[in-house]
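A.B. asks: build me a model from this:
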Amino acid sequence: MADDDDEDDEEEERTKQRKINSPADIALLSEEVDQKKQEKARVARWKDQVQVPATLRQSTVQQMDSRWSRFKSVLVVPDSISKRDLKEMVHVLFDEIGIQSLMVFPEAAAAAFGASLPAACVVNIGHESVSVCCIDEGTIVPNTKMLMPDGGKDGEGLFFELLQLNVN
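C.D. replies: Numbering: from 1, shown residues only. Here you go, the predicted structure:
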């Protein structure tokens, strides 16, 4: 934890030393700061999630260790998951929980499989974003993944405005 604070202090010092010559530099610096904040929040969420199996292991999982080794699992992951996050999830499942085997499956491929389609264009409309990718024989076709920043919340906002117009 102290290392994280030292890294933060060093990063702030480098940011202060950087020269800002134009509004574009300010915008770029602001974007970098936002990205770093998002990364820190993502890491903090993962640390919370990873500590759950450790807590379970201390109580009931200790009694079930021999049973966990018999389980085979399928892990359905988001199409845009980073390799670092995936590696951490696999580590938790194998090393912390102790499952026997694991199959990692992208969620778009799982959706196509669930619909019994060998090939499909999967559109996932989430709350904050929309992702589109093409599936062929259970794999994501290279260079077909798209992530758009508009999601369900934008549609909700539009519908709310239309309702307000109709009420008045």
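A.B. asks: how many other residues sit next to residue 135?
C.D. replies: The number of residues packed near residue 135 is 23, by other Cβ atoms under 10 Å. In short, each C-beta sits where N, CA and C put it, glycine included.
A.B. asks: that's a helix at it, yeah?
C.D. replies: No. Judged by DSSP: H, G, I helix; E, B strand; the rest coil, residue 135 forms no part of a helix; its state is strand.
A.B. asks: leaving out sequence neighbours, find the closest residue to it.
C.D. replies: Excluding the flanking residues, the one nearest residue 135 by Cβ to Cβ, 6 or more residues apart in numbering is residue 112, at 4.3 Å.
A.B. asks: ok, the one you found to residue 138 distance?
C.D. replies: Using Cβ to Cβ, to the nearest Å, we find residue 112 at a distance of 7 Å from residue 138.
A.B. asks: can you list residues touching both of those two?
C.D. replies: Shared contacts of residue 112 and residue 138 (Cβ atoms under 8 Å, 6 or more residues apart in numbering): residue 118.
A.B. asks: between these two, who's got more neighbours?
C.D. replies: residue 112 (24 against 13).
A.B. asks: give me the three-state assignment for residue 80.
C.D. replies: Residue 80 - assigned by three-state DSSP - is coil.
A.B. asks: revised request: answer the last question for residue 132.
C.D. replies: strand.
A.B. asks: show me the strands in this protein, by range?
C.D. replies: 72-77, 101-106, 119-125, 130-136, 139-140, 146-148 (DSSP state E).
A.B. asks: strands paired with the fourth one, and their directions?
C.D. replies: Strands flanking strand 130-136 in the sheet, each with its direction: strand 119-125 (antiparallel), strand 139-140 (antiparallel), strand 146-148 (antiparallel) (DSSP bridges).
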